[in-house]
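J.: Let's see this in three dimensions:
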Amino acid sequence: MFGFTPDEKKAVIFLTAAFVAGTAILVYKKSHPGFAPGLKSVIAGLPTPRDSGAAQSLSADTLGSEEVLSNQSQKYFPAQRVNINRASQQALEKLPNIGPAMARRIVDYRAAQGGFKKADELRKVRGIGPKRLSQLIEHVTVGP
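T.: Now for the predicted structure:
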């Protein structure tokens, strides 16, 4: 089959079957308006992508800011900038490319240095280089 290896053939067949099944479901759904009526209420409760411009509120541990879903990593990014001098570890984890270990390093650095004077100081935290800093800079602010 077009010079594919056996594993590649299986992948092509699987993807084709998934495409056909998805298309069949869409056609059936359009031709039967009453299809899965309970599904609409479930879908209405799901978060919407950032592209639609919709925002939703999450729990209070995010400093009360509105949150939106980012398509690139499926994390919630704060709609308002996060103050890196006051944010909890959990709030810092919601920033792009910041996991629990990196958030802990930011909190530890902040405690050791007495806070950040400007956002560029994040570069001094071990593991934050120019690329990661450029991804973070638009999501953070420095305050008292």
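
J.: Residue 142 - how many residues pack around it?
T.: Residue neighbour count, defined by other C-beta atoms under 10 Å, stands at 17 for residue 142. Any C-beta I mention is one placed from the backbone N, CA and C, and that applies to glycine too.

J.: repeat for residue 143
T.: Using other C-beta under 10 Å, residue 143 is surrounded by 10 other residues.

J.: residues contacting it?
T.: 83, 85, 86 (C-beta atoms under 8 Å, 6 or more residues apart in numbering).

J.: Now do the contacts for the second one.
T.: Under the criterion of C-beta under 8 Å, 6+ apart, the contact list for residue 85 reads 110, 115, 116, 142, 143, 144.

J.: Show me these that map onto strands.
T.: Secondary structure from DSSP state E places none of the contacts of residue 85 in strands.

J.: For these, could you give me TSV that also reports distance to residue 124 and pLDDT?
T.: Converted to TSV, those look like this (distance: C-beta to C-beta, whole Å; pLDDT from 0 to 100):
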residue	distance to residue 124	pLDDT
110	11	91
115	13	89
116	9	89
142	13	87
143	18	81
144	20	76
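
J.: Sort out which one of these lies nearest residue 133 for me.
T.: Residue 133 lies nearest to residue 116 out of the contacts of residue 85, by C-beta to C-beta, at 12.2 Å.

J.: re the thing from before, closest to residue 95 among the contacts of residue 143?
T.: For the contacts of residue 143, the minimum distance to residue 95 (C-beta to C-beta) is 11.8 Å, reached by residue 83.

J.: Contact partners for the closest one?
T.: With contact set as C-beta under 8 Å, 6+ apart, residue 83 has these partners: 63, 140, 141, 142, 143.

J.: repeat for residue 132
T.: residue 97.

J.: ok, and for whichever strand or helix holds it, which residues are buried?
T.: With elements delineated by DSSP states H and E, residue 132 resides in helix 130-136, which encompasses its position. When burial is assessed from 16 or more other C-beta atoms under 10 Å, helix 130-136 yields the following buried residues: 132, 133, 135, 136.
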